[in-house]
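# got a sequence here, can you model it:
(chains A, B and C)
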Amino acid sequence: MKETPLSNCERRFLLRAIQERKRLDGRQCYDYRNVRISFGPEHGCCVVELGKTRVLGQVSCELVPPKPNRATEGILFCNLELSPMAAPGFEPGRQSELLVKVNRLIERCLRNSKCIDTESLCVVAGEKVWQIRVDLHLLNHDGNIVDAASIAGIVALCHFRRPDVSVQGKEVTVYSPEERDPVPLSIHHMPICVSFAFFQQGTYLLVDPNEREERVMDGLLVIAMNKHREICTIQSSGGIMLLKDQVLRCSKITAVKVAEITELIQKALENDQKLRKEGGKFGFAESIPNQKITAFKMDSAAVDTNNVEEQAEEIITKADPPSEVFAKPILHTPGTAQIGEGIENAWGDLEESEREEAAEEEGESSTTAFECQRTETEDTSMMNEAKDDPIVLSDSEEEEVVILEPQEVPKKTRPQTTLKQESTSKKAFNKKRRKKRASR
Amino acid sequence: MVLLPRPTPGPVPSAGPSSSLSRCPRIPSPGGTLSPLPGDTSVLAGLYGPAEVKGSRESPDGATVEVLLRPKVGLPGVAERSREQLLRRTFEAVLLGSLHPRTSITVVLQVLSDAGSLLACCLNAACMGLLDAGLPLSSLFCGVTCALDPHGDIILDPTARQEQEAHAVLTFAIDSAQRKVLATTTRGSCSAEEMQRCLVAAQRAADTIFQFYRDCVQRKYSKS
Amino acid sequence: VGAPRPQRSPRREGPGLLGPCCGAAPLRTVEPLEYYRRFLKENCRPDGRELGEFRATTVNIGSITTADGSALVKLGNTTVICGVKAELAAPALDSANKGYIVPNVELPSLCSTRFRSGPPGEEAQAASQFIADVIENSQIIAKEDLCIADGKLAWVLYCDIICLDYDGNILDASTFALLAALKNVQLPSVTINEETGLSEVNLKQKNPLVIRKHPVATSFAIFDDTLLIVDPTAEEEDLATGTVTVVTDEDDRLCSVHKPGGSPLTGAKLQDCISRAITRHKEVKKLIDKVIKSIKPK
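Numbering: from 1, shown residues only, chains lettered A, B, ... in the order given. Model prediction:
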């Protein structure tokens, strides 16, 4: 499905509102939308909501051989997916420009900032290291994918626990969660992206643009920073020139926002941990507020399965038992056999004729070629009649040619006679072919 | 739990998406009591349509149904493709597609968490999605997974662990009109008698799920 | 009413069910469904089969000399060839005592006009998954049998199933071809030299694989929501409102009941399918036994 383009009047309206320092959703220029973090049932799974933008983050791990130039380091791999789930304009599996851009940014924010200690992921140097994979799925698109994805990525990494391992010589033992408690990753710092949209060549600035605002913006500045006010990545796109002061101002705003979001993340993580310890309910289904009209929940319900057996028995006894009559397999040559059902036939004769044929057609590899003839059940009876004739190695194509001759098959005749006629005509045909061959 | 939000901001296009989050109702088997374990399977379903269709996929007889199943980890593979085919053909069987010729109906299913009975949950989420989008259907359907434990007892709606321990796992899609089997797929091996027993149990469980659907929709359209 | 479909292979006209005034060929082109219904009403099909009748099944084993095991199966016009190639590899970390079986179904563009060349389409991928499921569910081969040295060396069996002529019921033909090819596999004996730690392959001494179970698939097409016909052709599959595939083994256990959507069926109808599948299994088992016996050195 194609994206619905923005109309000119919508565009003008949005821009004028921005000039008047107003935003459609009632926010101030420097306001960030509400961030909501919920965790999935297993470790390393979270959903981050930034207003209506929703991103699912899932971290998984695997033991792999390390990269040859970094033998003692684990691998961190990030991948963001934009499926049509988020917006109808996204095509599945297509590497769109937007996707490549966002993925690159997330990679720089999470991997290149060395936020997780990759050296602690090494199990056996040069042989086995943990590969940590971060899968991010955009569930709903309402602008500012980068920020939401970066938060989801780092939250999922903080929440994740990998299985414990022990090494004895070169033997690696991976423990299941029951045997040993899984261990968290060691996180150095938490980089978080904050996006700024610029309008009218940088005259106006908005923090955390939504989808509409992104469509009319001139340029975008993304700053990734951690709570220690260290800039991890900075990227300006859209081809606008920014003054030094503007960038400085943005970085100051970033510092404030990052501090707020980091605090929120830590609170959410603590909360979840507490819940898990207490054995309370968690998971997405639990995090959906129950008072919503559109949400509904059903607790477990018992299903009466008492006389299931009887009912099943009834069906089986009523059904016809498997037939005891089988077609017998017929061996043509060693390694080739056939069952054709419902035809009574003197197959022995057929075999003979084939053997003759095989002798005649020396050199041609035998078995597989024969089968073509036997494909249709009718052929067999036909071949019987023609047994005194050496059968030409022909395939079903020919008999089709025969049928296609208009005078051949009068439709009124009964099936058997039709068959006979056909086979005789076929016989004649074969004879013709034979003559042709002989004359060659 | 089912969530039926309209996720797209701003004006929703006429062929707007609707989405539903379905959690399989957990149905304990009569023998053992099964406490609702923390962490159930959840699938998010998003639906677009009837909308314009690409030229090559256009069908003059009815709507073209497209199903996308997105796994949580990694990219969709052969297993997802095979499930997409099963889901698509199930939808096609109940959708009155001839009412919307030359259009496309896209169902996107995103796995949020898999704790067993995933395919059944996909079916339920998708049916709620179809229902929420208001597409004409000949009947509803639901997915039920049954596992046969080593003693041959039926476990309805098994967890991932129970699925692993079972000697056979059967998933049925049951229609609401006559409780017939729309789709089925099995893992492991079982006797014909065991399969029939599972089927009867699944048909019973279907009643519970259809009641759940009814309650959901009633709640959605009632003022509270 | 279905659109006219291109006729792939003009085949023999059926018995004279249609009145003299009504030519069958145009009806078949214009109203293929109506054409079929007239036959089905009389409990037969345009190619002369009864509803519960399979097409002639032919199997040839050892068709490819370069493969470690191979078989060619014909089901009417549907032709499928399966080659098994064995390679040595290290077993996976979490299952150190197991080998691998890697099935793949290919539907190249040469086998039907409906397929295009390029990456495998949905049908090919679904068929590959079906075959993988059948292998897994039936335990046709115990993967432990493929292991040579725990955690060090195991066999990988690449089972490539290629369709040469597509005329419906690809699943039955593929399953049978796979079984026949696996029965035909001869693996050289491999020993690990304890001094050097290297593996030594003895190509002169070959052993057949241990086949634990014999899964056989039986497919049905559902016509007009109620009528079940066995072993559908491609044309029948197109006109049908659904398909069911039942896989059974020699103990009459179900290895797979695969119904990917389509018209709903009752439990009783499914039971009919299972009964038919059990009969079919016995026939195919006899066939494969006979073929295997025929090539055994006397």
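
# near chain C, which residues of chain B show up?
Residues of chain B lying near chain C by C-beta under 8 Å from any C-beta of the partner chain: B:60-61, B:78-79, B:81-82, B:84-93, B:170, B:173, B:175, B:177-178, B:180-192, B:195-196, B:199-200, B:203. Where you see a C-beta, it was placed from the backbone N, CA and C, and this is true even at glycine.

# give me the buried entries from those residues.
Among these, those scoring as buried are B:78-79, B:81-82, B:84-93, B:170, B:173, B:175, B:180-192, B:195-196, B:199-200, B:203 (criterion: 16 or more other C-beta atoms under 10 Å in any protein chain shown).

# name the helix or strand of chain B that has the lowest mean pLDDT.
The weakest-scoring helix or strand in chain B, judged by mean pLDDT, DSSP states H and E, is strand B:2-3 (a mean of 37).

# please see if stretch A:127-139 touches chain C.
No - contact of stretch A:127-139 with chain C (C-beta under 8 Å from any C-beta) is absent, the minimum separation being 8.7 Å.

# picking that back up, in helices, which of the residues of chain B next to chain C appear?
Members of the residues of chain B next to chain C lying in helices (criterion: DSSP state H): B:78-79, B:81-82, B:84-93, B:192, B:195-196, B:199-200, B:203.

# those residues also near chain A: which ones?
Taking C-beta under 8 Å from any C-beta as the test, chain A is in contact with B:192, B:196, B:199-200 out of those.

# which one of those residues sits closest to chain A?
B:Gln196 (3.6 Å; C-beta to the nearest C-beta).

# which non-adjacent residue is nearest the closest one?
Spatial nearest neighbour of B:Gln196, excluding adjacent residues (C-beta to C-beta, 6 or more residues apart in numbering or on different chains): A:Ala312 at 3.6 Å.

# and the gap between the one you found and B:Glu193?
Distance, A:Ala312 to B:Glu193, by C-beta to C-beta, to the nearest Å: 6 Å.

# which regions of the chain sit below the pLDDT cut-off?
Answering for chain A, as no chain was given. Across chain A, the ranges flagged by pLDDT under 70 are A:1, A:280-306, A:324-326, A:341-440.

# the chain in question should be chain C.
The model of chain C has pLDDT under 70 over residues C:1-24, C:297-298.

# chain B contacts on that one?
So chain C meets chain B at C:2-3, C:122-123, C:125-126, C:128-130, C:132-133, C:136-139, C:241-242, C:249, C:252-267, C:270-271, C:274 (C-beta under 8 Å from any C-beta).

# about what we covered before: more neighbours, A:Ala312 and B:Glu193?
Taking other C-beta atoms under 10 Å in any protein chain shown, A:Ala312 and B:Glu193 do not tie; A:Ala312 has more neighbours (22 against 16).

# list the contacts for the more buried one?
The contact partners of A:Ala312, by C-beta atoms under 8 Å, 6 or more residues apart in numbering or on different chains, come to B:193, B:196-197, B:199-200, C:267.

# ok, now with 7 Å
B:193, B:196-197, B:200 (C-beta atoms under 7 Å, 6 or more residues apart in numbering or on different chains).

# C-alpha coordinates for the helix or strand where it lies, PDB please?
Taking DSSP states H and E as the criterion, the element that holds A:Ala312 is helix A:308-318. Extracted in PDB, the C-alpha atoms of helix A:308-318 (Å, rounded to 0.1, in the frame of the first residue of the first chain):
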ATOM      1  CA  VAL A 308     -14.200 -36.800  24.700                       C
ATOM      2  CA  GLU A 309     -13.100 -40.400  24.300                       C
ATOM      3  CA  GLU A 310     -16.600 -41.600  23.600                       C
ATOM      4  CA  GLN A 311     -17.200 -38.900  21.000                       C
ATOM      5  CA  ALA A 312     -14.000 -39.700  19.300                       C
ATOM      6  CA  GLU A 313     -14.700 -43.400  19.400                       C
ATOM      7  CA  GLU A 314     -18.000 -42.800  17.800                       C
ATOM      8  CA  ILE A 315     -16.500 -40.900  14.900                       C
ATOM      9  CA  ILE A 316     -14.000 -43.700  14.300                       C
ATOM     10  CA  THR A 317     -16.500 -46.500  14.500                       C
ATOM     11  CA  LYS A 318     -18.800 -44.800  12.100                       C
END
